[in-house]
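Chemist: Sequence plus predicted model, see below.
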Amino acid sequence: MGPYKSYIFIFFIGVVCIFGFSKVIFPVPFFWAVIFWGVGMVIHQLYRVARLATDEWAMKRADELVDGSYDLSHIENIRERRTKTSKVEFEK
């Protein structure tokens, strides 16, 4: 939740400001004002995250997935060791 702490803080500060403004300046129901504020925050966050996704980031993430994945023989080896020590009979 690290990078989103500031967004949560800003959201609640905005809610408090909207509550104050809705009582003083404009008679918009508090519920709808908070809904619009929340939608605006979500759209801004999605735009911000989309701008951070570059080709370099995609290649780095793909490399991490490939490096962290197992090949089929490794998975079969784990399955064989597990079924040899298991007392449950498996159908073949």
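Modeler: Yes, it's here. Numbering: from 1, shown residues only.

Chemist: ends of stretch 45-61, how far apart?
Modeler: When the termini of stretch 45-61 are compared using CA to CA, to the nearest Å, they are 20 Å apart.

Chemist: Quick check: mean pLDDT of that stretch?
Modeler: The predicted model gives stretch 45-61 an average pLDDT of 84.

Chemist: what do you get for stretch 5-19?
Modeler: Stretch 5-19 comes out with an average pLDDT of 82.

Chemist: who's in contact with that stretch?
Modeler: For stretch 5-19, the external contacting residues (CB atoms under 8 Å, 6 or more residues apart in numbering) are 30, 33-34, 37-38, 41, 45. Every C-beta, even on glycine, is put in place using the N, C-alpha and C of the backbone.

Chemist: Buried residues of that stretch, list them for me.
Modeler: If you call a residue buried by 16 or more other CB atoms under 10 Å, then stretch 5-19 has these buried ones: 11, 14, 18.

Chemist: host element of the first one?
Modeler: Read it as Phe11. Secondary structure assignment for Phe11, by DSSP states H and E: helix 5-24.

Chemist: Give the next helix or strand downstream of that helix.
Modeler: Elements were assigned by DSSP H and E; along the chain past helix 5-24, the next helix or strand is helix 30-52.

Chemist: That following helix packs against which elements?
Modeler: In this structure, helix 30-52 makes packing contacts with helix 5-24, judged by 3 or more CB pairs under 8 Å, 6 or more residues apart in numbering; DSSP states H and E.
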